[in-house]
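J.: Compute the structure for the input listed below.
(one chain, ligands or ions: 2)
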Amino acid sequence: MDHLNLLLNIGQLDWVFKGSSSIENLLGNIVVMVARHMHADVCSIYIYDHVKDELVLRANTGLKPQAIGKIKLKPGEGIAGTVFEKNEPVCMSDGFTHSSFRYFKGTGEERYKSFLSVPIVSGDSPVGVIMLQRQENNRFENSDIKTLQIVASQLAAVLGNIKMIMSLQDATPGEMTRGKKEQLAGVFLKGKAASRGYAYAKATLAIGAERFHEIAGQAFGEKYGLDDLQRALKKTEKELITLQKAVEDKLSDAASMIFNAHLLILKDKSFLAAVTAPVQKGKNAPDAVIAAGRKYIALFSASPDPYMREKVHDIEDLVTRLIRNLAGREAKLPPVHQRIVIAADLYPSDLLKLSSEGVKGIVLLSGGVTSHVSILARSLQIPMVIVNDKAVGNISDGDRILIDGEIGNIYVNPAKDIVKEFKDRIDEQTVPSAPPVMKPFTETKDGVRIKLMANVNLLKDMELLSHLSCDGVGLYRSEFPFIIRKNFPTEEEQLFVYRKLVEGAPSKDVTFRTLDIGGDKMPAYWEPANKENVFLGLRSIRFSLKHQDIFIQQVRAILRAGYNCDLKIMFPMIFSLEEFLQARDIVMTCMAALEKSGGVFNNHPKIGMMVEVPAVIEIIEEFARIADFFSIGTNDLVQYMLAVDRTNDEVAEYYIPHHPAVLRAIKRVADAAKAAGKDVSICGDMANKAGYLQFLIGCGIRTLSMNPVYMAENQKVIGEIDVAQAEALTLRLLATGDINMIENELFS
Ligand code: PEP
Ligand code: MG
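T.: Ligands and ions are numbered 1, 2, ... in the order given. Below you'll find the predicted structure:
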């Protein structure tokens, strides 16, 4: 009855309009009326500001009045932002548990946990959100949702007009000018969590080419002479030597030559002459350095050899560093040390440089969370968020950025209360945390043993393993040292790295994956002939079989390093039986050659393959006869089965590991392995995620290879799993083609 009353009143908005002295007053009258009629303690109206791409609280009753105009949410942020973005209602008896919930201190909101919120849309144009709150024990019913939707539709037209008027009031000439940077204050941007951790620091915008072009276009007013130049050259050399040493100590597998190329250029007579001679003749030193840089860039860019062309990055880096040491204050070149770097895109080698220079965090504009730059950031323990939002373009050097790498948010120039909220979490990171407590081995609730293996990308990942109950290395991504370095490592260099891996591997159980170069893992010094569709190009085992000299060196190094361990070798991205046999033959040939030369090596490795190409599924039973084991690479399997580029944030919503086709493929592989008595494991990111473990165990999978960071957490989850129940769940999931049903089973 009450609801009917309300609708009539809203229908008579005209009356409210006339009785209101201002727009603010009108909005205030509306929220009071809606709250009263719907027996809500709080009613709020958020209106969308399309210039700033944010929802602003424009009217409220029930909370402290100072919240009006202050509370601002990005689409997707908080309950209102979620309702707005998804264009569907949210009704929860405890809204504080909503995954995107944002709490605003000082509003008095904590007493009103029961939420009902619906979008306001005029025609097809989004206007804002109306939100009701009650005390927790007083939940909203389905009938309330319908009523509030009708109210919202009745309000839409008038609120649509209010929105337009308010946006005209708010817009300043600066905002209307295209290309002019807005000063960002208290801005929240929703992104994707690519690497865990929190960071709070000043921003440094762009590195490499973008930065070089910026300073190359700058006019230097102050005069810098020969003495200044000499000082800057010395300082730069010292810096580079320190960095090279630090990176070698920390990352011995990947560090080789990373700064050596810069040092060599710095010592090169012709480079030195190119920078000093003009200064001796009176040219301003920064201009001379930039001119020399330009000359070398032109020279290297014109080279037909990709190895030489890659040197362009080194020159850009070096010149920027030199200018910083020469005329840093004038050039306003912020450092990387203790900063958060904002970049459009990064090479793996950039990441390594940033890590060795002490970067605190990274905000990337593009990429996917299963991309290899993200995987590498996790190994280097650099908090990283991918934010595909044009507002990132408004961030300026020196803006304060707070990264929440756990859920993928960034805050630009956050308010004090937000910083305070994160302070403890940021501080906790700097104190080395006690190693997680784990049981000596992992089993399900009903006592079925599950092997927890580690995915290792860099030797640095091994540090954690000695503190964990880990059954071995289930996936060594051997390509990382290749792609970070400046050249292909030799057999002996590889041997050095692989020996360290074997020495540190728990139970001396190590699975080496041979080179998985290509896709988004192309070394900068190696350019594919065809850059289109790299994920479908000369990738992985295809690369190794085309470049057998490189492949043979790697296989020999693996066999030699693994002589005293339980050695498994697997080939990535296998697509046919012939390809597998060809790769296996090369391993056999290498063993025969090592035997002949009398070297120490492992002569009985298990030889298996990654399952990540959909074509393999249909002939998996044949593969089970010839391969010693399977490891399912769900990152690529999902990408290729669903035709979704794993590095493209724009299609991230289509990247669904629990798609019914993927689930059935996993089960089929597990069944084929079991029937043939072969081992099968999962080594893609699905094994990291607690939500998928029950399904995987229900499929019969007993070995999970994961990022070590998740191991302790996942051991606990597995300890709660009952195998019979897991099998029943798996059967239910396999019986449906409906993604929503699968999500309900897995995540609700
Ligand atoms: C995978 O594809 O799931 C996998 C483990 O390999 P990568 O992520 O290195 O491609
Ligand atoms: Mg893969």
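
J.: Ligand 1 versus residue 349, what's the distance?
T.: Counting by Cβ to the nearest ligand atom, to the nearest Å, the gap from residue 349 to ligand 1 is 17 Å. (C-beta placed from N, C-alpha, C; glycine too.)

J.: Neighbours of the closest residue in space to that residue that isn't next to it in sequence, how many?
T.: Excluding the flanking residues, the one nearest residue 349 by Cβ to Cβ, 6 or more residues apart in numbering is residue 484, at 5.2 Å. Look at residue 484: counted by other Cβ atoms under 10 Å, it has 27 neighbours.

J.: from what I can see residue 225 touches residue 279, true?
T.: Yes: contact criterion Cβ atoms under 8 Å: residue 225 and residue 279 qualify, at 6.7 Å.

J.: any common contacting residues for the two?
T.: With contacts defined as Cβ atoms under 8 Å, 6 or more residues apart in numbering, the residues shared by residue 225 and residue 279 are residue 285.

J.: quick one: which of the two has more around it?
T.: Each of residue 225 and residue 279 has its neighbours counted (other Cβ under 10 Å); residue 279 has more, 21 against 13.

J.: now that one, what's its secondary structure?
T.: helix (DSSP: H, G, I helix; E, B strand; the rest coil).

J.: Surely it is in contact with residue 230?
T.: No: under the criterion of Cβ under 8 Å, residue 279 is not in contact with residue 230, lying 9.4 Å apart.

J.: which residues are in contact with both of the two?
T.: Contacts common to residue 279 and residue 230, judged by Cβ under 8 Å, 6+ apart, are absent.

J.: how about low-confidence regions in the stretch 301-450 of the chain?
T.: 306-307, 310, 430-433 (pLDDT under 70).

J.: 80 - rerun?
T.: Filtered on pLDDT under 80, the stretch 301-450 of the chain yields the residue ranges 302-311, 313, 329-333, 345-349, 366-372, 390, 428-435.

J.: in it, which spans are strands?
T.: Assigned by DSSP state E, counting those that start in this stretch, the strands in the stretch 301-450 of the chain fall at 340-343, 361-364, 384-386, 400-404, 409-412.

J.: for the stretch 101-250 of the chain, same thing?
T.: 114-122, 125-134, 187-190, 192-195, 198-205.

J.: For ligand 1, which of the ones you listed is the nearest?
T.: The closest of the strands of the stretch 101-250 of the chain to ligand 1 is strand 192-195. By Cβ to the nearest ligand atom, the value is 13.4 Å.

J.: hang on, isn't the residue nearest to residue 349 packed against residue 348?
T.: Yes: when contacts are counted by Cβ under 8 Å, residue 484 is listed as touching residue 348 (5.1 Å).

J.: Give me the common contacts of those two.
T.: Here residue 484 and residue 348 have residue 376 as joint contacts, going by Cβ under 8 Å, 6+ apart.

J.: Kindly report the residues of this protein close to ligand 2.
T.: Those residues of the chain that sit near ligand 2, judged by Cβ under 5 Å from the ion, are 612, 633, 636.

J.: Let's see if you can find the most crowded of the residues you listed.
T.: residue 633 (28 neighbours).

J.: Skipping adjacent residues, who's closest to that residue in space?
T.: Using Cβ to Cβ, 6+ apart, the closest residue to residue 633 is residue 612 (3.7 Å).

J.: closest one to residue 717 among the strands of the stretch 101-250 of the chain?
T.: Residue 717 sits nearest to strand 192-195 of all the strands of the stretch 101-250 of the chain, at 19.0 Å, using Cβ to Cβ.

J.: wait, does the closest one contact ligand 1?
T.: No: between strand 192-195 and ligand 1, judged by Cβ under 6 Å from any ligand atom, nothing touches; the nearest distance is 13.4 Å.

J.: before we move on, what about stretch 687-703?
T.: No: applying Cβ under 6 Å from any ligand atom, one finds stretch 687-703 separated from ligand 1 by no less than 8.8 Å.

J.: Only the buried residues of that stretch, if you could.
T.: 687-689, 692-703 (16 or more other Cβ atoms under 10 Å).

J.: What about the residue of the stretch 351-500 of the chain found nearest ligand 1? Give its phi and psi, please.
T.: Of all residues in the stretch 351-500 of the chain, residue 477 sits closest to ligand 1, at 5.2 Å by Cβ to the nearest ligand atom. Backbone torsions of residue 477, given as degrees, to the nearest 10, read phi -80, psi 90.
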